[in-house]
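K.L.:
Here is the input, now give the coordinates:
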Amino acid sequence: MNGLRKSKTALLLCFCLLAFVRQSPALVEPQYVENGAGPGDFCIAQDGAVAPICVDTNDYAGVLIAANNLRADVNRVTGHAPALVNAEENPGTNVILIGTIGKSRIVDELIQAGKIDVSSITNQWESYFTQVVPHPLPGVVHGLVIVGSDKRGTIYGIYDLSAEMGVSPWYWWADVPVPHHDDVFVKAGKYEQGPPAVKYRGIFLNDEWPDLTEWVNEKFGNYNHAFYTNVFELLLRLKANYLWPAMWNNCFNEDDPLNPQLADEYGIVMGTSHVEPMMRADKEWNRLGYTARDWNFLTHSNLLDSFWQDGLERNKNYENVITIAMRGKIDTPMSETANISLLEEIVAAQRKIIEDVYQTNAAAVPQDWALYKEVQEYYEKGMRVPEDVTLLWCDDNWGDLRRLPSPGSRPRSGGAGVYYHFDYVGGPRNYKWLNTNPTTKIWEQMNLAYHYDARRIWIVNVGHLKGYELPIEFFLSLAWNPEPWPKEKISEFTRLWAERQFGPEYASPIADILSKYTKYNGRRKPELLDPTTFSLLNYREADRVLADWKSLTLEAEQIYQKLPQNERNAFFELVLYPTKACEQVNELYITTAKNRLYASQGRASANDYAAQARALFQADADLSAYYNHTLANGRWDHMMDQTHIGYTYWQQPPTNVMPQVEQIEIQTNAEMGIALEGSTNVWPDTADEPVLPQFDKFTRPTRYLDIFNKGQTPFEFSATPGARWIELSATRGTIEKEQRLWVSVDWAKAPKGSRHSSVKITGFLLAGSSDAGAQNRVLKGRTGRPVTVTVDIFNPRKPTQESLDGFVEADGYVSIEAAHYTKKINAGSVRWEEIPNLGRTLSAMSIFPVTAPSVTPPKNSPCLEYRMYLFHPGKVEVEAIIDPTLNFVQGRGLRYALSFDDQPPQIVTAVPADYTALDGNHDWETTVKNSVRQVETNFTLSKTGYHTLKFWMVDPGVVLQKLVVNLGGVQPSYLGPPESYHSAVSSAP
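P.N.:
Here you go, the predicted structure:
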């Protein structure tokens, strides 16, 4: 240490560190912090003795900030703030040494002395290691060394230790408590990370009003450095490095001059959005008194040049990625047509400004060109920018990548990146309330980006940030290193994430809730829901959807009650609120749908459903109010101001709007009505024959009929089966308003073949009713007639359930989950593989590797086979339900092929090569609203019996969720018919 002590320029800061072992493991192994000593371990804290931390004050400012945050983390853990000691004093025998190669005399001396080997991280981007080093310096017996290749490498190493000790990156933003521990050890060894897979990894605070903006204004006064330093710290704890700041009505650099300075000191690379070139915020133009008409390079080039140059002069000393080119004001196209020559002139002018300001070749300054919306058209029509500019490809604002680098294309020195969305304002509908982005969908699309070499920039629109914690961390973790997170481990990421926030006891059920609520939101975003979304009539769809939500909410509420008090705020924010709030909105619309249907049928219960809908609307407001005003003593006031009920077009309503409900007049006298599953009709009012949907021996369904009252006076009913094989949930009862009667079949008693029988429903007046007379009198008049409901069964002699090989037709269809193939045929290394939990129902199948070349089946085409038994051959429609994936490779669409048996494959173009995913394309709008693309193909089959449906690869990127073979029986619904009965499916690789 003599050389260090003689240095007058390097004041060493030493912090006493008392730490703990956190309850949950690191998201990425190996975990190197433990609470018991092993051979060669480094002791951070034991029996009240703590190791100091030393960092050279000549190191980067961000390293010093992170070291101080580590000191604060220790205080959160132990309740004791570490002491600051001068390096000239004896630091003790255990020392934690932190520094950056070339910036820390401590680290450089260790390198020169051969105590540490930094060759694996030297000159690497954002790399670091943590190593237990015996006798690193004279007088020091044990050392823990954190070394970074550069500024952020060291910072990430510091925050990695915090995370290993149990401090969640979300401790501030989601109130995640830090558990207390006393004894801490670091396992002997060297733990290295980096360089990251994606160079620039960050978020865009966009669509920030009302929630984030109103909260910021109340808590901080504006988007100033007091606010942004919390964002900077969060990003660094998540190993991110890049930020597009809030810009709807704010200017990052002007709102607080400390914003850009502190961003740079913390270690955050700043950028600006796709509508804000040359480091100038959109609203800076307005604040200078200029108008949207002035934002025209043809007429005001000198004004714009000056505006852009001033922006770069202001920010040139900070680390930036400069957005170049130009769009129109307020997120609009620059012109009605793709004016390529003008845009090329603009880019040339901007590059000249960059060179003038930075006094270097423009290629030395990081730049990106965001190919957003209509700008992609410029590229496709031939516009090019210099090779050093990163091409920032964009999704369609709904999580589907529009374009990626073509396989085999010449690499660009600037590379390519992705601008992605978790939130959006625009058509066909805003979605900015809560998370609707399943991690499986994020993985599938960003896995494409990674393997198609879009690895320079990944940035994601995160709206108001709160509510998007899990997808933000998942997205940034993939950007840091996707290798630990293959598709088979997506659920494990969620479990580990839940465990880090809440400990191991409830981690698995919490992860299940997080996965399911985003899956349910992903199949139809809350902003797109209305009373007609889910079918009340067919497949009990609405009831099944609501039951799923209610089960999830119940589980979340039960866990909430079991958690320690100090964990409940975090659990409410991260798990319970989004689950319960979305359940209530779904229930509101389904209840409204029932009110409207029941009012049209004259049911006395219709008004009850109207009241229930009003109560649910109020419950939504109350839950949001609790989040804003009561939770954590109002800490997150305004964070749930976002409207989300009552959309009528793409833009959000100014306030939540209660769906219209129907209130009807209820007559005094009893009057029986009968409604059947699958029909809006009321019997005996209609002349149509009352027939329940068919019963078959394979699915063995239970059907229902509703017996309801149109009046205020109760009545009794009797239900009489017409055959001994018909089973009823009740044969008598009293109807005040309604009762659901379940009908099933005892298949052991059922005759073979197709048979018909009935259930007779008769209504009776109750004793003591206003109709004076004998007790149990049969209701008189037209509506008092008994109703005889037909029951049809289908009980074929073959195949039997035991002999069935594959799927079997029932109700005029075969519905198949893609992962339930009966045979899978690979083509060399090209193969179909399951992406667990992706999609609206079960999971999905897709081709791997994702960069496989297109093929023409059947030659060299991987194939999925689905064997099925059909009773009604003839004209058959096959609906493939696939992800909304787009034509992401230039000149190539998205195709697959279908065939039955030995028929030649029919190539199906799901997405044409020239498809444009923009507003005005009705097919695209329908697809993103439904979260799937549904493509029909027709066949003719000539015989009853077994058939094999084959799904062939043509282009990679097709993600198959489900197949529905329609033989004429498919009924309208949102999610499609439930999966058909099938024998055990293949598990062949």
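K.L.:
And the strands in the stretch 701-850 of the chain?
P.N.:
In the stretch 701-850 of the chain, strands defined by DSSP state E, counting those that start in this stretch lie at 703-709, 715-721, 726-728, 732-735, 738-745, 753-765, 787-795, 807-808, 813-817, 823-825, 831-835, 844-848, listed in chain order.
K.L.:
can you give me the angle the second one makes with strand 753-765?
P.N.:
What that stands for is strand 715-721. 160 degrees (axes from the mean of the first three to the mean of the last three C-alpha atoms, to 10 degrees).
K.L.:
coming back round to it: got the strands of the stretch 701-850 of the chain as a markdown table, with mean neighbour count columns?
P.N.:
(Each C-beta comes from the backbone N, C-alpha and C, glycine too.) As requested, the strands of the stretch 701-850 of the chain are arranged in a markdown table below (neighbours: other C-beta atoms under 10 Å):
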| stretch | mean neighbour count |
| --- | --- |
| strand 703-709 | 22 |
| strand 715-721 | 20 |
| strand 726-728 | 16 |
| strand 732-735 | 15 |
| strand 738-745 | 18 |
| strand 753-765 | 18 |
| strand 787-795 | 19 |
| strand 807-808 | 25 |
| strand 813-817 | 25 |
| strand 823-825 | 16 |
| strand 831-835 | 20 |
| strand 844-848 | 25 |
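K.L.:
Quick one: residues contacting the residue nearest to residue 828 when sequence neighbours are not counted.
P.N.:
The shortest distance from residue 828 to any residue other than its chain neighbours is 7.6 Å, reached at residue 860 (C-beta to C-beta, 6 or more residues apart in numbering). Counting by C-beta atoms under 8 Å, 6 or more residues apart in numbering, residue 860 touches 827, 828, 830.
K.L.:
so how many other residues sit close to the second one?
P.N.:
Residue 828 has 8 neighbouring residues, counting by other C-beta atoms under 10 Å.
K.L.:
Quick check on it: phi, psi?
P.N.:
For residue 828, the backbone dihedrals are phi 70, psi -130 (criterion: degrees, to the nearest 10).
K.L.:
low-confidence ranges in the protein?
P.N.:
1-26, 83-90, 330-332, 335-338, 767-784, 986-989 (pLDDT under 70).
K.L.:
Nearest to residue 242, out of the strands of the stretch 701-850 of the chain?
P.N.:
Judged by C-beta to C-beta, the one of the strands of the stretch 701-850 of the chain that comes nearest to residue 242 is strand 831-835, at 27.6 Å.
K.L.:
Give the partner strands of that closest one in its sheet and their orientations.
P.N.:
The pairing partners recorded for strand 831-835 under DSSP bridges are strand 844-848 (antiparallel).
K.L.:
Output the partner strand in CSV with nothing but the alpha carbons.
P.N.:
In CSV, the C-alpha atoms belonging to strand 844-848 read as follows (Å, rounded to 0.1, in the frame of the first residue of the first chain):
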residue,chain,number,x,y,z
ALA,A,844,-47.5,-22.4,-29.2
MET,A,845,-45.2,-24.3,-31.7
SER,A,846,-42.6,-22.5,-33.8
ILE,A,847,-39.6,-23.4,-36.0
PHE,A,848,-36.1,-23.5,-34.5
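K.L.:
which element follows it toward the C-terminus?
P.N.:
Tracing the chain C-terminally past strand 844-848 and defining elements by DSSP states H and E, one meets strand 863-870 next.
K.L.:
State the distance from the residue nearest to residue 828 to residue 818.
P.N.:
According to C-beta to C-beta, to the nearest Å, residue 860 and residue 818 sit 21 Å apart.
K.L.:
I'd say residue 211 and residue 641 touch.
P.N.:
Yes. With the criterion set as C-beta atoms under 8 Å, residue 211 and residue 641 qualify as a contacting pair; they are 5.3 Å apart.
K.L.:
hmm, back to that, starting from residue 408, give me the distance back to the residue nearest to residue 828.
P.N.:
Here residue 860 is placed at a distance of 18 Å from residue 408 (C-beta to C-beta).
K.L.:
right, and the helix or strand after whichever helix or strand residue 129 is part of?
P.N.:
Residue 129 is part of strand 128-134 when elements are defined by DSSP H and E. Reading on from strand 128-134 to the C-terminus, the next helix or strand found by DSSP H and E is strand 142-148.
K.L.:
Show me the helices in the stretch 1-150 of the chain, by range?
P.N.:
2-6, 61-78, 105-112 (DSSP state H, counting those that start in this stretch).
K.L.:
Indicate which one of those is closest to residue 351.
P.N.:
Residue 351 sits nearest to helix 61-78 of all those, at 29.6 Å, using C-beta to C-beta.
K.L.:
quick check: angle from that closest one to strand 142-148?
P.N.:
In this structure, helix 61-78 runs at an angle of 130 degrees to strand 142-148, with the same axes, to 10 degrees as the basis.
K.L.:
For helix 61-78, enumerate the helices and strands it packs against.
P.N.:
For helix 61-78, the elements it packs on are strand 12-17, strand 49-56, strand 94-100, helix 151-165, helix 225-237, helix 258-266, judged by 3 or more C-beta pairs under 8 Å, 6 or more residues apart in numbering; DSSP states H and E.
K.L.:
Quick one, which of these gets closest to residue 549.
P.N.:
Proximity to residue 549, assessed across those by C-beta to C-beta, is greatest for helix 225-237 (30.3 Å).
K.L.:
Run the chain-centre distance for that closest one.
P.N.:
Offset of helix 225-237 from its chain centre (C-alpha atoms, centre = their mean, to the nearest Å): 23 Å.
K.L.:
which residues does the residue nearest in space to the middle of the chain contact?
P.N.:
Most central residue of the chain, judged by C-alpha distance to the mean C-alpha position with C-alpha atoms, centre = their mean, is residue 437 at 1.7 Å. When contacts are counted by C-beta under 8 Å, 6+ apart, residue 437 is found next to 399, 422, 468, 471, 518, 522.
K.L.:
run the last query once more with 10 Å
P.N.:
Contacts here follow C-beta atoms under 10 Å, 6 or more residues apart in numbering; on that basis residue 437 touches 398-399, 420-423, 431, 460, 462, 468, 470-472, 474-475, 518, 521-522, 525.
K.L.:
circling back to that earlier point, any buried residues in the strand holding residue 129, and which?
P.N.:
Along strand 128-134, the positions that meet the burial threshold by neighbour count (16 or more other C-beta atoms under 10 Å) are 128, 129, 130, 131, 132, 133.
K.L.:
would you turn the residues you listed into JSON lines with distance to residue 840?
P.N.:
Rendered in JSON lines, the data for those read as follows (distance: C-beta to C-beta, whole Å):
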{"residue": "128", "distance to residue 840": "41"}
{"residue": "129", "distance to residue 840": "44"}
{"residue": "130", "distance to residue 840": "43"}
{"residue": "131", "distance to residue 840": "48"}
{"residue": "132", "distance to residue 840": "49"}
{"residue": "133", "distance to residue 840": "53"}
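K.L.:
Cool, thanks, talk later.
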